[in-house]
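Sequence and computational prediction follow.
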Amino acid sequence: MPPTDAVSVFAEGTFQEQVRELVDYIARTRPEEERPLFVQPFADLLETAEGQKPIEEDEPRRAKVFTAVLGEVKGLGDGSDKEIEGFFNLLFSHFVTLLPLDTPETKDHLAALLETVAAADHQTFVKYRILSNIVNALPRRSSLRLPVHNTLLQLAGDQDEIELLNLTRSDVEKWVSEWDVPSEDKSSFLQLVSASFAKCGQLATAYDYTLSYVRSLPSDSPAAQAAAVDAIASALRLPSLFDFDALFRLDAVVAAQNHELFSLLRIFINEGLSEFQAWADGHADAFAKYNLDKALLEHKIRLLALTSLAFQNIGRELPYSTIASTVQIEPSAVERWVIDVIRAGLVSGRLSQKTQILYVTRATARSFERPQWELLEQRLHAWKAGIASVLDVVAVAQRRGGAEAVTNANPATEAPAAAPQTAAAAA
């Protein structure tokens, strides 16, 4: 019976008619004079001998016939894109209904079919359609979905067309949680997703999936340690990545605390340019070893140092001289660096060339640990005191306004002021 959570493909006609349709399509690739000889064995298999159950009632026999047809699928066939897609839809509708999906034999049949589709000399669009239809025809938890997705990723990566798959992290993580496959296979899939995005030049997205891959591994395993180091190196290479907190909180990364790149990561989370320069002097060979750009890293650490300075002075004015000293640059270069840090989305504020100050309105915390919580507490207390002061001023103003209103509305209070005016008028 077909799985209840798979997408069913409905086809018209009896089983015999559908098999003949499949066989006739496959025969198109052969010379016309050879086609009858190719078709005849399948016609014989479909015949019901005297005393034999009709094939519609004989599932093992139908499975045997279908397996024979499946073995003849050597390519996408000689047809239009619509015909190719229709052929594979019909083929796979029988695949999921006639073959037990959890057997090694069925997995071998699927592997051969996927290899045939991937290697075919056709436009990749029709291949994506075929493979996507196969995924949708399989049960949601089926382990067979994994090799189909692997084929899709490899195909898209080779063609630099990863965006055509419309992958999202939420979808990928949902699939991985649903598939009835070993945890090692799930991790390998996440690694393949990351590698496919990296192959297509989408390094920031690849890094996000790298974190998912590291998270999926046992933190004390050798694979996790190697993946953690790769993740640190990937994060440092990305020119627009400044938030290392999520990486730093991974158990596998913390377990790699004795690695030389871990000490560099700590500098980018909490420290500044002087510490980076000291690390660089002591690990001169690490830049080539991990494919790190020293100039890029120095640029990033200067921006992060400026971000930390701004975070400590939100709502205050920062003199250019203070910025120049912290970032270790000439005062004439301050405005350029401030513009860079604002463009990076790390700081917001207003520059004044006349007064040579930066007024900080917002800044990003590089990490949120005890010092940041204490600073936030101080600011909340200051904000609370400021609000209380404003409320006191409003309350005083309301009391004064109420007293004046009562005075203006009471005739008895008006009489003493009116009497002299009347006397003066009489005089």
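Structure received. Model, not experiment: these values are computed from the prediction.

Report the beta-bridge partners for the closest residue to residue 351 other than its chain neighbours.
Leaving aside its chain neighbours, residue 351 sits nearest to residue 358 (5.6 Å; criterion: CB to CB, 6 or more residues apart in numbering). Any C-beta I mention is one placed from the backbone N, CA and C, and that applies to glycine too. Taking DSSP bridges as the rule, residue 358 bridges to residue 318, residue 351.

show me the contacts for residue 358.
310, 317-318, 320, 323, 334, 338, 349-352 (CB atoms under 8 Å, 6 or more residues apart in numbering).

ranges for the helices of the stretch 101-250 of the chain?
Assigned by DSSP state H, counting those that start in this stretch, the stretch 101-250 of the chain shows helices spanning 104-119, 124-137, 145-159, 169-178, 183-199, 203-216, 222-237, 245-248.

Looking at those helices, which is nearest to residue 98?
Among the helices of the stretch 101-250 of the chain, the nearest to residue 98 by CB to CB is helix 104-119 (9.8 Å).

Look up how far residue 325 lies from the residue nearest to residue 351.
Residue 358 is 13 Å from residue 325, where distance means CB to CB, to the nearest Å.

Same check on residue 229?
Distance from residue 229 to residue 325, by CB to CB: 34 Å.

Counting neighbours, go ahead and name the busier of these two.
residue 229 (19 against 12; other CB atoms under 10 Å).

give me every residue that touches the more buried one.
256, 259, 261, 290.

Relative to residue 281, how far out is it?
Counting by CB to CB, the gap from residue 229 to residue 281 is 21 Å.

what does residue 83 give?
Residue 83 sits 67 Å away from residue 281, going by CB to CB.

higher neighbour count, those two?
Taking other CB under 10 Å, residue 83 and residue 281 do not tie; residue 83 has more neighbours (14 against 8).

Can you check what angle separates the helix or strand hosting the more buried one from helix 104-119?
Secondary structure assignment for residue 83, by DSSP states H and E: helix 81-98. Angle of helix 81-98 versus helix 104-119, following axes from the mean of the first three to the mean of the last three CA atoms, to 10 degrees, is 170 degrees.

Which elements pack onto helix 81-98?
In terms of contact count using 3 or more CB pairs under 8 Å, 6 or more residues apart in numbering; DSSP states H and E, helix 81-98 is assigned the packing partners helix 15-27, helix 59-70, helix 104-119, helix 124-137.

Now do the buried residues in the second one.
Residues 61-62, 65-67, 69-70 are the ones in helix 59-70 that count as buried (16 or more other CB atoms under 10 Å).

same thing with stretch 197-205?
197-200, 203, 205.

same deal with stretch 48-58?
Buried-residue list, stretch 48-58, by 16+ other CB under 10 Å: residue 55.

That stretch - what's its average pLDDT?
Across stretch 48-58, pLDDT averages out at 87.

mind checking how far the residue most central in space within the chain is from residue 181?
What sits nearest the mean C-alpha location of the chain, by CA atoms, centre = their mean, is residue 169, with 4.0 Å. Residue 169 sits 19 Å away from residue 181, going by CB to CB.

just residue 336 next, same as before
If you measure residue 336 against residue 181 using CB to CB, the figure is 52 Å.

Counting neighbours, go ahead and name the busier of those two.
Taking neighbours as other CB under 10 Å, residue 336 and residue 181 compare with residue 181 leading, 18 against 9.

domain assignment for the protein?
For the chain, automatic domain parsing gives the domain ranges 1-139, 305-385.

These: lowest mean pLDDT?
Across these, the lowest-scoring stretch is domain 305-385, with a mean of 87.

What is the end-to-end distance of it?
Terminal residues of domain 305-385 lie 30 Å apart, using CA to CA, to the nearest Å.

list the contacts for the residue nearest to the centre of the chain?
Applying CB under 8 Å, 6+ apart, the residues contacting residue 169 are 208-209, 212.

Next: residue 73.
With CB under 8 Å, 6+ apart, residue 73 has these contacts: 26, 91, 113, 116.

Now the two most distant members of those.
Greatest spatial distance in the contacts of residue 73: 26 and 113, 13.1 Å, computed using CB to CB.

Please verify my assumption that residue 91 contacts residue 70.
Yes. Residue 91 lies in contact with residue 70 (CB atoms under 8 Å); the separation is 7.2 Å.

Tell me the secondary structure at the spatially closest residue to residue 316 that is not a sequence neighbour.
Once flanking residues are discounted, residue 316 sits nearest to residue 360: 6.3 Å by CB to CB, 6+ apart. Three-state assignment for residue 360 (DSSP: H, G, I helix; E, B strand; the rest coil): strand.

I'd like to know how many residues surround residue 360.
Count around residue 360 with other CB under 10 Å applied: 21.

Return the residues in contact with it.
310, 313-318, 347-349.

Counting neighbours, which bits of the host helix or strand of residue 252 end up buried?
Take DSSP H and E as the rule and residue 252 turns out to sit in helix 251-255. Buried residues in helix 251-255, counted by 16+ other CB under 10 Å: 252-253, 255.
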